[in-house]
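Undergrad: Compute the structure for the input listed below.
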Amino acid sequence: MDFVIFQYLNNFALKYLWLDVIAIFFAKYLGWVLIGILILFLIKNFKKYWKMVVTAFVSAVLARFIITEIIRWLWPRTRPFVGAEVNLLLPHRLTGSFPSGHAAFFFALSMAFFLCYKKVYPLPKFWWGAGILFFIASFLIAISRVFSGLHWPSDILGGALVGIFSAWLIHKIFRK
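TA: Alright, predicted model coming up:
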């Protein structure tokens, strides 16, 4: 199933220039937009948002640089472009692919933002939309990594679960 979904998505790569440009933007640069938005929160009102931003970045670092690396060490998995014909849009080193570090990092940011932002603005109309937008951006980052030939779909799912769990765990720890 992983291979079938991968091939379906990756077969669209290198067919339409506009789609390739969008996928490369999502895979490489959209994450910087999310980080920039969190920094803008700090600039806007440091006292009000510093806990949210710190929680988001601690969660993301835990997800990407600790949990993901431990899983990759225990269960090495090659990337799709190793040993298979793939429409590769972005160059990448031959590192492990499961779970996706990008998915772990940005889903952790999104989950932490979602959990903390609702404390700052308790009414659903404020935090629901902002949190959902962060999750949509994280999904676009992650799925574009499959489209670009860098990850299997299960890598993305694994990374998303690691990120969401990390944010939940850090949120629980910081709440106490």
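Undergrad: Where do the helices of this protein begin and end?
TA: Taking DSSP state H, the helices of the chain run over residues 2-10, 17-28, 30-44, 46-61, 68-74, 101-120, 124-147, 153-175.
Undergrad: tell me which residues in the shortest one are buried?
TA: In terms of neighbour count (16 or more other CB atoms under 10 Å), helix 68-74 has its buried residues at 68, 71, 72. Yep, even glycine has a C-beta here, placed from its N, CA and C like the rest.
Undergrad: Now do that helix: everything it contacts.
TA: 95, 96, 98, 99, 100, 101, 104, 158, 159, 162 (CB atoms under 8 Å, 6 or more residues apart in numbering).
Undergrad: Distance check, the last one against residue 139.
TA: What it means is residue 162. Residue 162 is 15 Å from residue 139, where distance means CB to CB, to the nearest Å.
Undergrad: quick one: which of these two has more around it?
TA: Set residue 162 next to residue 139 and count neighbours by other CB atoms under 10 Å: residue 162 wins out with 26 against 17.
Undergrad: For the more buried one, which residues are in contact?
TA: 63, 67, 68, 71, 99, 103, 104, 107, 108.
Undergrad: List the residue ranges of this structure that fall below the pLDDT cut-off.
TA: 118-128, 176 (pLDDT under 70).
Undergrad: repeat that for 80
TA: Scanning the chain for pLDDT under 80 picks out 83-84, 117-130, 175-176.
Undergrad: which residues touch residue 90?
TA: So residue 90 contacts 24, 27, 28, 148, 149, 150 (CB under 8 Å, 6+ apart).
Undergrad: close enough to count as contact, the second one and residue 151?
TA: Okay, so that is residue 27. No: taking CB atoms under 8 Å as the definition, residue 27 is not a contact partner of residue 151, at 9.6 Å.
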